[in-house]
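[1] here is my input; please provide its structure:
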Amino acid sequence: MKDIELPRKVLVGDGALEKVCELVSELNLYGNSLVIADKNTAQIAGKRVGEELGSVSHVIEGLMDEEIQKIIDLIKKEEINYVAGVGGGTVIDITKVSAFHSGKPFISIPTAASHDGITSPQASLKGKQPVSMKVHSALGIIADTEIMRKAPPRLTASGCADAISNYSAVLDWKLAHEEKDEYYGDYAATLSMMSAQIVMYNAENIMDEVNILVEALISSGVAMGIAGSSRPCSGSEHQFSHALDMICPKPALHGEQCGVGAIMMTYLHGKDWEKLRDSLKKVKAPTNSQGLNIGEEHIIEALTMAHKIRDRYTILRGGLSEKEAIEVAQATEVLG
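    Next up is the predicted model:
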């Protein structure tokens, strides 16, 4: 049996934030609410949402674990009935986990198209050992493309790379089905792959047509909801990214790392990695270690340890030796 969880209402478009009260009413949310943002996103949209809803506000400033506990305590103290996360991937993940542990519904309000966590019933907890946690999907989503279009281009490019990396994730999922008889959902896989392909197809114009990217990222989250896991959008390329997070003094953005990982993993699958790389170049996302501003030694170390990050069968299988890792990174020009 599968547990499919999807949002009830999604608003996408310029000025969508103006409909926040209408959305809350339509979802039958009432009582005390809490708006969560960071210092930047509070100014961009968080304060406005808080004023519209008459909410208690919390601005994230510290470490993820500490903030989650603070928010859980605040939800209990203020007798909060529902939560709204306004911001990027970290803000929305903190909101998801806090709402999940508190048994409260939440609304997802992204301020940048930088990640596929907008919709998904999964949260990434960063620490000494990155953990992916199953939570509830957002009850409602407001993606105001007027706000998201003004986000730094690097964040939008990272979102493109995250969507494009679905390509290698689906290849990994299918491989696990063929070699380990793991459950494989054709519909979820097709939806995820379509999200990657539509971003690749529109790569030259997508920085201006941000609604295409937003819809692709939302569709990626829906694919995970249908699959009941992160499988459609998270494979060996995400293992590589999580490994970099663990070992690098200053990691790049999540989507950027996944994009570079997807180049190498698609190569290992024997598929058209050059087309994927060229699409990343068109959206001005990194395609090599220099673009990530990460040392070559860290790229190789991450490749050799990535298979240990999570108990998930991928093209990395038992892992790559240092020699194999160097060969893959050089063949795909991730290393100069």
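[2] so, low pLDDT: which residues of the chain?
    Across the chain, the ranges flagged by pLDDT under 70 are 1, 127-130.
[3] break it down into its domains, please.
    9-148, 153-331 (automatic domain parsing).
[4] the strands in the protein, which residues?
    Along the chain, the segments classed as strands by DSSP state E run 9-13, 33-38, 56-60, 82-87, 106-110, 122-125, 131-134, 140-144.
[5] and the longest helix seen in the chain, how far from the chain's centre?
    Selection of the longest helix in the chain by residue count, based on DSSP state H, yields helix 210-227. Centroid separation between helix 210-227 and its chain, computed with C-alpha atoms, centre = their mean, to the nearest Å, is 10 Å.
[6] what sits against the nearest residue to Glu146 once chain neighbours are set aside?
    Take Glu146 and drop its neighbours on the chain: the residue closest to it by C-beta to C-beta, 6 or more residues apart in numbering is Asp14, 4.1 Å away. The way it works is simple: take the backbone N, C-alpha and C, and place the C-beta from them, glycine included. By C-beta atoms under 8 Å, 6 or more residues apart in numbering, the contact set of Asp14 is 144-146.
[7] drop anything exposed from the residues you listed.
    Buried members of the contacts of Asp14, scored by 16 or more other C-beta atoms under 10 Å, are 144-145.
[8] bridging residues for Gly13?
    Taking DSSP bridges, one obtains Asp144 as the residues bridged to Gly13.
[9] got a markdown table for the domains of the chain, with distance to Asp3 too?
    Formatted as a markdown table, those follow (distance: least, C-beta to C-beta, whole Å):
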| stretch | distance to Asp3 |
| --- | --- |
| domain 9-148 | 9 |
| domain 153-331 | 5 |
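[10] so Lys275 touches Met200, yeah?
    Yes - between Lys275 and Met200 a contact is recorded at 7.2 Å, counting by C-beta atoms under 8 Å.
[11] these two: which has the busier surroundings?
    Shown here are Lys275 and Met200; by other C-beta atoms under 10 Å, Met200 has more neighbours (21 against 11).
[12] thought the more buried one was touching Ile164?
    Yes - here Met200 reaches Ile164: they are 5.9 Å apart, a contact under C-beta under 8 Å.
[13] mutual contacts of the two, please.
    Common contacts of Met200 and Ile164 (C-beta under 8 Å, 6+ apart): 276, 279.
[14] Leu335 contacts Ala325, correct?
    No - here Leu335 does not reach Ala325: they are 9.5 Å apart, not a contact under C-beta under 8 Å.
[15] joint contacts of these two?
    Residues touching both Leu335 and Ala325 (C-beta under 8 Å, 6+ apart) are 299-300.
[16] more crowded one of those two?
    Neighbour tally, Leu335 and Ala325, criterion other C-beta under 10 Å: the higher count belongs to Ala325, 21 against 17.
[17] which residues sit in contact with the more buried one?
    Contacts of Ala325 (C-beta under 8 Å, 6+ apart): 299-300, 303-304.
[18] let's go with 10 Å and repeat that
    Residues counted as contacts of Ala325 (C-beta atoms under 10 Å, 6 or more residues apart in numbering) are 264, 299-306, 319, 335.
[19] where's the closest residue to it other than its chain neighbours relative to Ala331, distance?
    Excluding the flanking residues, the one nearest Ala325 by C-beta to C-beta, 6+ apart is Leu303, at 3.8 Å. For Leu303, the distance to Ala331 equals 12 Å [C-beta to C-beta, to the nearest Å].
[20] those two: which is more packed in?
    The neighbour count for Leu303 versus Ala331, taken as other C-beta under 10 Å, is higher for Leu303 (28 against 13).
[21] would you check that the more buried one makes contact with Lys323?
    No - if you go by C-beta atoms under 10 Å, Leu303 and Lys323 don't touch, sitting 11.0 Å apart.
[22] for Asp208, what are phi and psi?
    Main-chain torsions, Asp208, degrees, to the nearest 10: phi -90, psi -40.
[23] pretty sure it sits against Val283.
    No - at 11.2 Å, Asp208 does not count as touching Val283 under the criterion of C-beta under 10 Å.
[24] who touches both of these two?
    Here Asp208 and Val283 have 156, 202 as joint contacts, going by C-beta under 10 Å, 6+ apart.
[25] looking at those two, which one has more neighbours?
    Using other C-beta under 10 Å, the more surrounded residue of Asp208 and Val283 is Val283, with 25 against 11.
[26] just checking, that one touches Glu209?
    No - with contacts counted by C-beta under 10 Å, Val283 stays clear of Glu209, the gap being 11.5 Å.
[27] between the two, what contacts are shared?
    Overlap of the contact sets of Val283 and Glu209 (by C-beta under 10 Å, 6+ apart) consists of Asn202.
[28] show me what Met133 is bridged to.
    Ala123.
[29] give the contact list for it.
    Counting by C-beta under 10 Å, 6+ apart, Met133 touches 93, 96-97, 100-101, 121-125.
[30] from those, pick the one nearest Ile4.
    Pro121 (9.3 Å; C-beta to C-beta).
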